[in-house]
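Engineer: I need the structure of the sequence given here:
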Amino acid sequence: MIEVTNEVRILETNGRETLTENKTLLVMSHLKRRNYVVLCIEGQNYTVRADDLVNAAENSTNTGML
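Structural biologist: As a prediction, the model looks like this:
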């Protein structure tokens, strides 16, 4: 299996902009399960179902706000 790592820039921490801190969230492929991804946040790894993460992002941005 190919290992994939994506960096997502963190824009705010607890409501405060963090643009100058250059923090990132890593989204990595899971070593054994294709339908899982690993989120690395400040050195801690969390494994979640990929489709749950996609659904959560879609639901969270479907608020009707601009």
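Engineer: Flag the shaky bits of the protein, pLDDT-wise.
Structural biologist: Where the chain drops to pLDDT under 70, the residues are 65-66.
Engineer: which SSE is residue 21 in?
Structural biologist: Under DSSP states H and E, no helix or strand contains residue 21.
Engineer: who touches it in this structure?
Structural biologist: Residues counted as contacts of residue 21 (CB atoms under 8 Å, 6 or more residues apart in numbering) are 10, 13. All C-beta atoms are positioned from the backbone trio N, CA, C, and that covers glycine.
Engineer: Same check on residue 52?
Structural biologist: Taking CB under 8 Å, 6+ apart, one finds nothing in contact with residue 52.
Engineer: Shouldn't it be within a helix?
Structural biologist: Yes. Counting by DSSP: H, G, I helix; E, B strand; the rest coil, residue 52 is part of a helix.
Engineer: can you pull out the strands in this structure?
Structural biologist: 5-9, 12-13, 16-17, 24-29, 36-41, 44-49 (DSSP state E).
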